[in-house]
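**Q** Pasted the sequence and its predicted model underneath.
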Amino acid sequence: MPDLPADDAGARREEPARPAAAGHDLEVAIRAVARGDERAFSVVYDQAAAAVLGTVRRVLRDPAQSEEVMQEVLLEVWRSAARFDPASGSGLAWIMTFAHRRAVDRVRTEQRASERELRAARASVDYDEVIDAVEVRLEHERVRRCLGALTELQRESVTLAYYGGYSYPEVARLLGVAVGTVKTRMRDGLIRLRDCLGVE
Amino acid sequence: MGGSRAGLHTLVGAYVMDAAPEADRTAFERHLTGCEPCREEVRGLREATARLAAAVAVEPRPELREQTLRAASRLRQLPPPVARQRDGTIAARLSRWTRLTGAVRQSWLARLAVTAAVILAVVVVGLSLHLTSMQHRLSTDAQGSHAIAQIIGAPDAKMMTAKVRTGGVATVVMSHRVMELVFTASKLSALPASRAYELWLMGPSGVKPAGLLPPAHDGMTGPMVVRGLEHGDRLGLTVEPLGGSPHPTTGPIVMMSLGI
């Protein structure tokens, strides 16, 4: 592979490489699913299920529950495919909006505060899990470098919220900083991440 | 007051990461409707979070694929969005519909179906979890899942919820056309091992047992299909000795009128 991104690329804007899981095919497949195309749904599953499962598992931790939520999210995609509007974002972003929301709802209603406190420490350090698929490894590497380009507070605010499923008041408490600061860090952290990743 | 415009706007990061508490989220969504640049920012930041998601992808166990595809093939899909309809409940629409002439009936029927489908989507997502986990456990019970899909997918399906006196919420999705209903409940109080929840149809022809509720799974009970509804029946839930009773031995902790 000639064009593996070099490690010192730092926060520079990446090539417009999108993760394999978010290709144009996904949007095309979702449109076909809207017409009841079951084969297209299997394409959607193949392209999105792993991202859904991985993210949901970060938030929920429980592998069995995460599988259930993953299936639930994919079924929601099947049901509401006709509502997908490519003008308002990529297929993966659309699917992940369902997925993350659902994981967070589940964790907030079901997990007791004490467990959540325990998870807190892990959410930020667990980032480097074993990953096999090549595209995922590449994407992981890009994202890791872009996360590395954030300030520590930005990075912690973003990862605790997105991977940990914490609300901003909880993040503020966990990090011992003012609520307003966390809110701002979440926004400018994500903006920086967006620019670094070359999201159009 | 929820704060200044600028204050609201900084919420965008927390908002796209589902990290804004309910009140903030509502306020922000209201703000979004009138702010095109904000919607654009939400769009871009959502793409960034999708990349965070793709970076931690984990391949699901292979058998989940088949299960999910099968479950989907049984689920009715939502129709494409139509012009916004916010002018009333299903019941209100039904009563208006009865005043309409035959000429416009068709389109109203279609719109009713759409409204029902939108409301049902919420339920179905909850139920579909159970459909798939039921497949986990009872791979032969295709009939049950099919019956549920039939009812919640029926064009006249209607959803009702009621608080259970001893805790939890009961939800019924019923189709008058099929004359069957699907019952689910969330967060029912746990019972001692010697007791069980039992459903009843209570109507002019007496009280008929309608089934024992299975144990809760993740705080959710059911779904259960109830058949054999008769006009005037209401649905009741009582606590009975394990194994059930021929007649209720305690007072109903929830009673739901079915409108039949």
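**A** Arrived safely, thanks for sending.
**Q** For chain A, what is the nearest residue in chain B?
**A** Residue nearest to chain A within chain B: B:Gly13 (3.3 Å; Cβ to the nearest Cβ). Just so you know, the C-beta spots here come from the backbone N, C-alpha and C atoms, and that holds for glycine as well.
**Q** what residues does whatever helix or strand that residue lives in touch?
**A** In this assignment (DSSP states H and E), B:Gly13 forms part of helix B:12-16. Here helix B:12-16 makes contact (Cβ atoms under 8 Å, 6 or more residues apart in numbering or on different chains) with A:157-158, A:161, A:167-168, A:182-191, B:19-20, B:24-25, B:28, B:38, B:41-42, B:45-46, B:49.
**Q** Any buried residues in the helix or strand just after it, and which?
**A** Downstream of helix B:12-16, the first helix or strand assigned by DSSP H and E is helix B:22-33. Of the residues in helix B:22-33, B:Asp24, B:Arg25, B:Ala27, B:Phe28, B:His31, B:Leu32 count as buried by neighbour count, 16 or more other Cβ atoms under 10 Å in any protein chain shown.
**Q** Redo those as CSV? Include distance to A:Ser80.
**A** As requested, those are arranged in CSV below (distance: Cβ to Cβ, whole Å):
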residue, distance to A:Ser80
B:Asp24, 25
B:Arg25, 20
B:Ala27, 25
B:Phe28, 22
B:His31, 24
B:Leu32, 20
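**Q** Now tabulate these in CSV and tack on pLDDT and distance to B:His146.
**A** Compiled in CSV, the buried residues of helix B:22-33 are given as follows (pLDDT from 0 to 100; distance: Cβ to Cβ, whole Å):
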residue, pLDDT, distance to B:His146
B:Asp24, 93, 42
B:Arg25, 93, 37
B:Ala27, 93, 43
B:Phe28, 94, 41
B:His31, 91, 44
B:Leu32, 91, 40
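**Q** Give the residue spans of chain A that score low on pLDDT.
**A** For chain A, residues meeting the criterion pLDDT under 70 lie at A:1-23, A:110-135, A:200.
**Q** Which helix or which strand is home to B:Leu69?
**A** helix B:62-74.
**Q** Need the mean per-residue confidence for that helix.
**A** Mean pLDDT, helix B:62-74: 94.
**Q** Now do that helix: which elements does it pack against?
**A** Judged by 3 or more Cβ pairs under 8 Å, 6 or more residues apart in numbering or on different chains; DSSP states H and E, the packing partners of helix B:62-74 are helix A:38-60, helix A:63-80, helix B:102-137, helix B:142-153.
**Q** Following element in sequence after the last one, please.
**A** So that's helix B:142-153. Taking DSSP H and E, what comes next after helix B:142-153 is strand B:158-163.
**Q** buried stuff in that next one?
**A** For strand B:158-163, a neighbour-count test (16+ other Cβ under 10 Å) marks B:Lys158, B:Met159, B:Ala162 as buried.
**Q** B:Gly251: neighbour count?
**A** Counted by other Cβ atoms under 10 Å in any protein chain shown, the residues lying close to B:Gly251 total 10.
**Q** same check, this time on A:Gly148
**A** Using other Cβ under 10 Å, A:Gly148 is surrounded by 11 other residues.
**Q** again, but for B:Thr250
**A** The burial count for B:Thr250: 12, using other Cβ under 10 Å.
**Q** That one should be in a strand, yeah?
**A** No. Counting by DSSP: H, G, I helix; E, B strand; the rest coil, B:Thr250 is located in no strand; its state is coil.
**Q** domain ranges for chain B?
**A** B:5-54, B:62-153, B:160-257 (automatic domain parsing).
**Q** what's the most buried one of those domains?
**A** domain B:5-54 (a mean of 19; mean count of other Cβ atoms under 10 Å in any protein chain shown).
**Q** mind listing what's buried in whichever strand or helix holds A:Glu141?
**A** Element membership of A:Glu141 [criterion: DSSP H and E] is helix A:134-148. For helix A:134-148, the buried set under the neighbour-count rule, 16+ other Cβ under 10 Å, comprises A:Glu135, A:Val136, A:Leu138, A:Glu139, A:His140, A:Arg142, A:Val143, A:Arg145, A:Cys146, A:Leu147.
**Q** swap in stretch A:57-70?
**A** Under the neighbour-count criterion of 16+ other Cβ under 10 Å, stretch A:57-70 has A:Arg57, A:Arg58, A:Val59, A:Leu60, A:Arg61, A:Asp62, A:Gln65, A:Ser66, A:Glu67, A:Glu68, A:Val69, A:Met70 buried.
**Q** ok, and the closest non-adjacent residue to the spatially most central residue of chain A?
**A** By Cα atoms, centre = their mean, chain A has its centre lying nearest to A:Thr55, at 5.5 Å. Nearest non-adjacent residue to A:Thr55, counting by Cβ to Cβ, 6 or more residues apart in numbering or on different chains: B:Ala53, 4.3 Å away.
**Q** thought the one you found was touching A:Gly54?
**A** Yes. When contacts are counted by Cβ atoms under 8 Å, B:Ala53 is listed as touching A:Gly54 (7.0 Å).
**Q** re earlier: next, the angle helix A:38-60 makes with the helix holding A:Glu141.
**A** 40 degrees (axes from the mean of the first three to the mean of the last three Cα atoms, to 10 degrees).
**Q** who does the next helix or strand after helix A:134-148 touch, helix- and strand-wise?
**A** Downstream of helix A:134-148, the next assigned helix or strand under DSSP H and E is helix A:152-162. Helix A:152-162 makes packing contacts with helix A:113-125, helix A:134-148, helix A:168-175, helix A:179-197, helix B:12-16, helix B:36-54 when contacts are defined by 3+ Cβ pairs under 8 Å, 6+ apart.
**Q** contacts for helix A:152-162?
**A** Contact partners of helix A:152-162, identified using Cβ under 8 Å, 6+ apart, comprise A:55, A:58, A:100, A:120, A:123-124, A:127, A:147-148, A:150, A:166-168, A:170-171, A:174-175, A:177, A:181-182, A:185-186, A:188-190, A:192-193, B:13-14, B:17-19, B:49, B:52.
**Q** Can you lay out the buried residues of helix A:134-148 as a markdown table showing distance to A:Leu197?
**A** What follows is these, written out as a markdown table (distance: Cβ to Cβ, whole Å):
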| residue | distance to A:Leu197 |
| --- | --- |
| A:Glu135 | 15 |
| A:Val136 | 15 |
| A:Leu138 | 12 |
| A:Glu139 | 9 |
| A:His140 | 12 |
| A:Arg142 | 7 |
| A:Val143 | 7 |
| A:Arg145 | 10 |
| A:Cys146 | 5 |
| A:Leu147 | 10 |
